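Colleague: using only what follows, build the 3D model:
(chains A and B)
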Number of protein chains: 2
Amino acid sequence: MTLQERPLGDPGSSPYRILREGDLRDYLARLPEVAARLGGAPNAWSITEVGDGNLNLVFIVKGSRGGIAVKQALPYVRLVGESWPLPLSRAHYEHLALTHQARLAPGLVPTVVHHDEALALTAMELLEPHIIMRKGLIAGTIYPRFVEDITTFIARTLFFTSDLAVSAAEKKEGIAAFAGNHALCKITEDLIFTDPYRQAEQNRWTSPWLDHIAASFREDFDAHVAISRLKLRFMASPESLIHGDLHTGSIMVTETETRVIDPEFAFYGPMGFDIGAVLANLIMAYFASAGHERVAGERQGVESWLLETVERVWSETARKFLDLWRSEARGDGYPKALFAGAAGETRLQVERRHYMERLFADTVGFGAAKIIRRILGLAHNIDFEWIEDGRLRALCEARSLRLARTMLVDTASFATIRDVTKRARELRDWQPDFSAT
Amino acid sequence: MTLQERPLGDPGSSPYRILREGDLRDYLARLPEVAARLGGAPNAWSITEVGDGNLNLVFIVKGSRGGIAVKQALPYVRLVGESWPLPLSRAHYEHLALTHQARLAPGLVPTVVHHDEALALTAMELLEPHIIMRKGLIAGTIYPRFVEDITTFIARTLFFTSDLAVSAAEKKEGIAAFAGNHALCKITEDLIFTDPYRQAEQNRWTSPWLDHIAASFREDFDAHVAISRLKLRFMASPESLIHGDLHTGSIMVTETETRVIDPEFAFYGPMGFDIGAVLANLIMAYFASAGHERVAGERQGVESWLLETVERVWSETARKFLDLWRSEARGDGYPKALFAGAAGETRLQVERRHYMERLFADTVGFGAAKIIRRILGLAHNIDFEWIEDGRLRALCEARSLRLARTMLVDTASFATIRDVTKRARELRDWQPDFSAT
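Modeller: Numbering: from 1, shown residues only, chains lettered A, B, ... in the order given. Just a heads-up that it's a prediction; the model follows:
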């Protein structure tokens, strides 16, 4: 049995079919736990399809007592259509990741109410009044709880699935359990680590202003070497169970709560990919901010908060990760017996700092890759897309690309996270030369 | 079903039992292909148990026409006994690795005649008149064919299972297929990457002469950091399907043929572990040589050949690996589209050199680890063990440890393989101070 042939349902469960509103109502009515949570007669439940992501169907179902969100995987990429098939097994991996994340970072992912492998369907608590963080950031909202929550999520999910926390045997079982999710990894490998740097039909960018910059990335061999090294790390560095798509569209927030959703890209990969994703999306929100101003300077508050948040996401993640390493290191990595006594602890503490420096460099590199793909590749962010004026949008994007290119190619020049935010601040009002376009 | 519960046989196959000579005769007589290869009446077959390795039973079976070698895994470590259980599934992984190696490096592994998952048994062609290379080296024999064959084996098995040659999906399937072999990996993790650097009951060394040196390794935090980094790479860098135990006791030779045997430690790990293993065992053969002299200088020929072989094993492996990378790169790593044209090829060629430099550093580090474990850990080499005079043996071992410690801690000081052989040559007659013992 290869991993692709993994049975997706119990022998007795219903075969896969794409659910319409009516099917879903009948299906949910037969699940006592779900029906009880919703309350009232199934006929009275409201069902609305709201999926605005790239891949799946998402229904909001509400009854007299409460609501749920139901996510069903489609056998193709929703954004593109049936011409781009994508295995339903991603719902299996998403559910598996959610289960691990709920255990490792309690309260920071949605509670699963029901999962059906054959239907590639998961019903979860309805997150209300949470909104997609990206939309809140575009609106200029500040989230005081965010740093505390996201750094707890990142530090705990990464640490507790790493060789610092688990045995090598458990780690290998985890890697194998997610190895079958390679079709989702392939999307990342292509859309993030390859296509933006070559002629690819699916690429797009804000034309004509960015034509020259897009072309320069396609001819930039230093960038090609750097992105290829990162791609190799993405493919062959199973450091931890990573979320795999941890942008601000995968985070739902209120001012007092944070929930990480949509881990269907989860697999064992490099830690820096998740951390870099968060930082990259905050940086893009920062550079997009100028495009959402009605009056110059009116968003200074949120812009300062964004850069401060970039700094704190890294520093708090690092602090929490190191705290866990000191108190919860039960894995096979860095055996305690080799660092016994006060002298051993002192030496290990130095090594922990080196470890975090390597992780920071990874984070900076992966963060750069995440910025570049959102501006030159297939899938764009509404942070930029909602800036209607093309020239203004291109301006914000060009500033992001300028920072990202340095992060990608000259990663070592960023010794600390403050070097990143300092450079971002310097580029806030940088005027690229669009005259050639 | 977890990987440990992987069914080891067809439902109808016989259950596991440890085979004695008589059982084996009956068993083989029922296999037409085997019986035909052996020839004559089963009663007339000679069967001899010859296993001198650490883990398994090995029988040589000869009939009137030909012979086979039969290897059966025991449910425990043979070297230690039933107190150290070890899963039979290793025979499954060994057979799987042999199958891949036979395809990738034809003629360089023994042909499999029969495999029985339930019995954890594999019958292979009898390698005659091949001998274990380690024994030949101790006897002072030179193997003119060795470099050509072993570098073909290494370069091809490592390259063709890497991200440079296969898709990310295929790679992940390979990683998953070997993930269940973690009990064998654990032996390496403990015996190579941990125990020699701490108080461990199983450790032994040539006492009293090496007592001080053994103690210094237990207190050497620079060595502990270096070995811990290597351990982490061993656990979380699935670069290629590696043999996992590629010492000169796993290589059978004549002056014109080479066969790599015993890949039961195979899994997806760092390439440098295999290359380092070969180099380390050649280096130990070199330092042991002085202990096998009857007349000073009589083994200069084989000693020169050993160091020349160290150099050529690295340089030919690198050359062949790079040749394959230029001609057979069909994997997802370093996409061709990003290095198009003459300028792209030029830039990629620079990057390939950087890649090989990183691989060389890994090789030097892992090689050091392999030397140290053979002198301070549980499992020793007959290269040294057959030197009867304890003080002389300790002298040879101390020279090896001195080189290995530098390779481990100051890896970067070895820029090329000639830096390794130069240092080895300098240490050939080094006299350690044993006066404190």
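
Colleague: tell me the mean pLDDT for the longest helix along chain A?
Modeller: Of all segments of type helix in chain A, defined using DSSP state H, the longest is helix A:341-376. What helix A:341-376 shows for mean pLDDT is 98.

Colleague: that helix and chain B in contact?
Modeller: Yes. Against chain B, helix A:341-376 shows contacts by Cβ under 8 Å from any Cβ of the partner chain at A:343-344, A:347-348, A:351. C-beta here means a position set from N, CA and C on the backbone, and glycine is covered the same way.

Colleague: again with stretch A:153-169
Modeller: Yes. Legend: contact between stretch A:153-169 and chain B by Cβ under 8 Å from any Cβ is shown at A:163, A:168-169.

Colleague: do the same with stretch A:183-196
Modeller: Yes. Using Cβ under 8 Å from any Cβ, we find that stretch A:183-196 touches chain B at A:183, A:185-186, A:189, A:194.

Colleague: likewise for stretch A:80-90?
Modeller: No. Stretch A:80-90 is not in contact with chain B by Cβ under 8 Å from any Cβ; minimum separation 10.8 Å.

Colleague: what are the buried residues along that stretch?
Modeller: By neighbour count with 16 or more other Cβ atoms under 10 Å in any protein chain shown, stretch A:80-90 contains the buried residues A:86-90.

Colleague: now stretch A:380-392
Modeller: A:380-384, A:387, A:392.

Colleague: from these, which is closest to B:Ser435?
Modeller: B:Ser435 has its nearest neighbour among the buried residues of stretch A:380-392 in A:Asn381, at 70.9 Å by Cβ to Cβ.

Colleague: the closest one reaches A:Ile132, doesn't it?
Modeller: No. With contact defined as Cβ atoms under 8 Å, A:Asn381 does not count as touching A:Ile132 (11.3 Å).

Colleague: report the set of residues contacting both of the two.
Modeller: By the contact definition Cβ atoms under 8 Å, 6 or more residues apart in numbering or on different chains, A:Asn381 and A:Ile132 are jointly contacted by A:Gly249.

Colleague: and A:Trp84, what's its pLDDT?
Modeller: pLDDT, read off for A:Trp84, is 88.

Colleague: measure it to chain B for me?
Modeller: 16 Å (Cβ to the nearest Cβ, to the nearest Å).

Colleague: how about that residue, phi and psi?
Modeller: The phi/psi pair for A:Trp84 (degrees, to the nearest 10) reads phi -120, psi 80.

Colleague: count the residues that sit near the nearest residue to A:Gly63 once chain neighbours are set aside.
Modeller: Nearest-residue entry for A:Gly63: A:Leu38, 3.0 Å, with adjacent residues in sequence omitted and distances by Cβ to Cβ, 6 or more residues apart in numbering or on different chains. When neighbours are defined as other Cβ atoms under 10 Å in any protein chain shown, A:Leu38 has 26 of them.

Colleague: starting from the strand or helix carrying A:Ala404, tell me the next helix or strand along the chain.
Modeller: A:Ala404 is located in helix A:390-409, with elements delineated by DSSP states H and E. For helix A:390-409, the succeeding helix or strand toward the C-terminus, using DSSP H and E, is helix A:417-427.

Colleague: the closest residue to A:Thr254 other than its chain neighbours: neighbouring residues, count only.
Modeller: Spatial nearest neighbour of A:Thr254, excluding adjacent residues (Cβ to Cβ, 6+ apart): A:His130 at 5.4 Å. Look at A:His130: counted by other Cβ under 10 Å, it has 17 neighbours.

Colleague: so A:His130 makes contact with A:Val260?
Modeller: No. Applying Cβ under 8 Å as the test, A:His130 and A:Val260 come out as separate, 11.2 Å apart.

Colleague: quick revisit: quick one: the residue nearest to A:Gly63 from A:Leu126, how far?
Modeller: Per Cβ to Cβ, to the nearest Å, A:Leu38 is found 10 Å from A:Leu126.

Colleague: between those two, what contacts are shared?
Modeller: A:61-62, A:66-68.

Colleague: output those of the buried residues of stretch A:380-392 also counted as contacts of chain B.
Modeller: Within the buried residues of stretch A:380-392, nothing lies near chain B by Cβ under 8 Å from any Cβ.

Colleague: need those in CSV (columns: pLDDT and secondary structure).
Modeller: Output for these, formatted as CSV (pLDDT from 0 to 100; DSSP: H, G, I helix; E, B strand; the rest coil):
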residue, pLDDT, secondary structure
A:His380, 96, coil
A:Asn381, 96, coil
A:Ile382, 97, helix
A:Asp383, 98, helix
A:Phe384, 98, helix
A:Ile387, 98, coil
A:Leu392, 98, helix
